[in-house]
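**Student:** give me a model of this one.
(one chain, ligands or ions: 1)
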Amino acid sequence: MIPARDALTLLQEGNRRFVSETSNRDAIAGRARRLELASSQAPFATILGCSDSRVPVEIVFDQGLGDLFVIRVAGNIIAPSLIGSVEFAAEQFGTRLVVILGHTQCGAIQGTLEQLQRPVENQSRNLRSIVDLIRPSVEGLLATKLARDRPALIHEAVRANIRASVKQLRHGSDVIEQLIQTAGLTVVGAEYSLETGVVEFFDGMPE
Ligand SMILES: [Zn+2]
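**Tutor:** From the prediction side, this is the model:
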């Protein structure tokens, strides 16, 4: 089992390799590694990230087969089946670090802000369920002066949504609360920059 703090260091080092273009994909996703993992896995971190095609989790952290337990959903929201997936990795594989990974220019956040400013009728119920989960963390921002500065509004909304997901996941279930209190489970929030490729960990970092 890899402690959360060490897992975090592995992710930060991997992201630096990705940004500096010094990764070696053959070693981490080659045939030998695949065969080695065929009968078991021990991912060192769980990443709950956005589905955006520009944020493929293993690539931006320069990790390979068997390294990360990845959950992706538009807007990196927290819903029961996603909480269950985090519980599964923590209980089955002893995964102790969970990262909520949002990103700059997130379409789910922009769509939610647009929906709040100009409600669209006939939105599908399924899509609305995502908007409804993002809404509480971003709608307060529309009452501030950020409402007139779109880039700043989106920037703040992305971060507010990540912080809300971190908080919701920490209290998402008795199992998770228990693991946090007694087994070193750590939930942190991070934002990936589409422009620079850098992942900034900014919420809930261990001391
Ligand atoms: Zn997104």
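
**Student:** please count neighbours and contacts with C-alpha atoms only from this point.
**Tutor:** OK.

**Student:** thought Cys50 was touching Arg72?
**Tutor:** Yes. The pair Cys50 / Arg72 is scored as a contact, 5.2 Å apart, by Cα atoms under 8 Å.

**Student:** residues contacting the residue of the chain found nearest the ion?
**Tutor:** With Cα to the ion, the shortest gap between the chain and the ion falls at Cys106, namely 3.7 Å. Cys106 makes contacts with 52, 75, 158, as judged by Cα atoms under 8 Å, 6 or more residues apart in numbering.

**Student:** contacting the ion as well, which ones from these?
**Tutor:** The subset of those within reach of the ion, by Cα under 5 Å from the ion, is 52, 75.

**Student:** which of Cys50 and Arg72 has more neighbours?
**Tutor:** Legend: neighbour count by other Cα atoms under 10 Å for Cys50 and Arg72, higher for Cys50 (24 against 19).

**Student:** show me the helices in the protein, by range?
**Tutor:** 4-19, 25-29, 31-37, 57-60, 80-93, 107-117, 125-138, 150-170, 174-183 (DSSP state H).

**Student:** those helices: which one's closest to Thr46?
**Tutor:** helix 80-93 (6.9 Å; Cα to Cα).

**Student:** who does that closest one touch, helix- and strand-wise?
**Tutor:** Contacts defined by 3 or more Cα pairs under 8 Å, 6 or more residues apart in numbering; DSSP states H and E place helix 80-93 against strand 68-72.

**Student:** partners of the strand it packs on in the sheet?
**Tutor:** Paired neighbours of strand 68-72 in the sheet (DSSP bridges): strand 45-49 (parallel).

**Student:** relative to helix 4-19, how tilted is the strand it pairs with?
**Tutor:** Strand 45-49 and helix 4-19 are oriented at 60 degrees to each other (axes from the mean of the first three to the mean of the last three Cα atoms, to 10 degrees).

**Student:** residues making contact with strand 45-49?
**Tutor:** Counting by Cα under 8 Å, 6+ apart, 4, 7, 57, 67-73, 75-76, 86, 89, 95-102 sit against strand 45-49.

**Student:** does Leu68 really touch Pro43, like I thought?
**Tutor:** Yes. Judged on Cα under 8 Å, Leu68 makes contact with Pro43 at a distance of 4.8 Å.

**Student:** burial check on Leu37, number of neighbours?
**Tutor:** For Leu37, using other Cα under 10 Å, the count is 13.

**Student:** this structure against the ion: which residues are in contact?
**Tutor:** 50, 52, 75, 106.

**Student:** against Glu114, how distant is the last one?
**Tutor:** When you say that, I think you mean Cys106. 12 Å (Cα to Cα, to the nearest Å).

**Student:** no further queries at this time; thank you.
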